[in-house]
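Student: can't give you the sequence, but here's the structure:
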Ligand code: HEM
């Protein structure tokens with residue numbers, strides 16, 4: 001395909017799948033961080049929180065797979081052209097770190113229970129198989145990694161939130177709206193389309209919104 005073909009125009013919004021996964025996973029991950037902390041600090045809430053933590057963590061792993069596939073198949077909107085290079089690098093690095101942690105946290109949780117010889121119970125009567133052989137040393141290492149990566153995830157989420165608010169309230173650019181909403185329908189009279197360009201090609205990568 002020719003580089004100047006309209007279908008290659010950059011989208012201005014994330015597609016509907018990306019937006020739904022972004023906001024639902026943001027809630028789920030924040031909940032998991034607090035559920036995790038509650039689990040290790042409250043004896044009375046522990047049984048309830050543990051039985052929530054495991055299946056929600058595995059749900060996050062499954063959603064992370066769908067999200068990564070969607071991200072690789074659909075080009076995201078570009079960052080503003082005038083964004084300083086260091087901020088572009090920080091944004092890209094933190095996004096890929098968030099992806100890595102969305103996979104690492106559940107996989108480490110699952111591996112750690114496997115290494116400890118504990119059942120990985122999703123709900124009564126359904127356990128996931130162990131993915132790591134029973135080994136106390138491996139369990140101890142993974143237990144530590146689960147805590148430290150949870151702290152890293154929490155710090156990265158806070159940075160990500162601060163950056164999103166900086167774009168929304170200080171720079172007032174297109175970054176926040178690109179994840180907050182889809183393309184608004186443009187009245188045909190206000191935006192005549194060039195001949196031969198279908199709505200799907202008009203640059204929003206948002207046919208499902
Ligand atoms: C996005 C996914 C996950 C997040 C954000 C998360 C977060 C946390 C946090 C913050 C803690 C407390 C850490 C501490 O104070 O040391 C924790 C503990 C724990 N998590 Fe996760 N977790 C996730 C996935 C999972 C999964 C999938 C499993 C198991 C299938 C799991 C099993 C555990 C266990 C067993 C503990 C320790 C409980 C204890 O020793 O008292 N986690 N998690």
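Tutor: Alright, I've got the coordinates. As the structure is a prediction and not an experimental result, all values here were calculated from the model.
Student: Could you say which helix or strand holds residue 127?
Tutor: strand 126-128 (DSSP states H and E).
Student: Spell out which residues of this structure are next to the ligand.
Tutor: Residues of the chain found near the ligand (CB under 6 Å from any ligand atom) are 29, 32-33, 36-37, 39-40, 53-54, 57-58, 60, 105-106, 109-110, 113, 120, 146-147, 150, 153. Yep, even glycine has a C-beta here, placed from its N, CA and C like the rest.
Student: The strand holding residue 127: partners in the sheet, and parallel or antiparallel?
Tutor: According to DSSP bridges, strand 126-128 has the following sheet partners: strand 120-123 (antiparallel).
Student: Name the surrounding residues that touch the strand it pairs with.
Tutor: Applying CB atoms under 8 Å, 6 or more residues apart in numbering, the external contacts of strand 120-123 come out as 51, 54, 55, 58, 110, 113, 114, 127, 128, 129, 130.
Student: now it: mean pLDDT?
Tutor: For strand 120-123, the mean pLDDT works out to 96.
Student: Mind listing what's buried along it?
Tutor: residue 120 (16 or more other CB atoms under 10 Å).
Student: buried ones in stretch 96-113?
Tutor: By neighbour count with 16+ other CB under 10 Å, stretch 96-113 contains the buried residues 97-98, 101-102, 104-113.
Student: quick one on the thing from earlier: what does the strand holding residue 127 contact?
Tutor: Strand 126-128 is contacted by residues 58, 110, 119, 120, 121, 122 when judged by CB under 8 Å, 6+ apart.
Student: on contacts alone, who are the packing partners of the longest helix along the chain?
Tutor: Looking across the chain with DSSP state H, the single longest helix is helix 85-116. When contacts are defined as 3 or more CB pairs under 8 Å, 6 or more residues apart in numbering; DSSP states H and E, helix 85-116 packs onto helix 16-41, helix 46-73, strand 120-123, helix 136-165.
Student: what mean pLDDT does stretch 19-39 have?
Tutor: On average, stretch 19-39 scores 98.
Student: and residue 14, how many neighbours?
Tutor: A total of 26 residues lie near residue 14 under the criterion other CB atoms under 10 Å.
Student: nearest residue to it other than its sequence neighbours?
Tutor: Spatial nearest neighbour of residue 14, excluding adjacent residues (CB to CB, 6 or more residues apart in numbering): residue 179 at 5.4 Å.
Student: shaky segments in this structure?
Tutor: Applying pLDDT under 70 to the chain picks out residues 1-8, 185-209.
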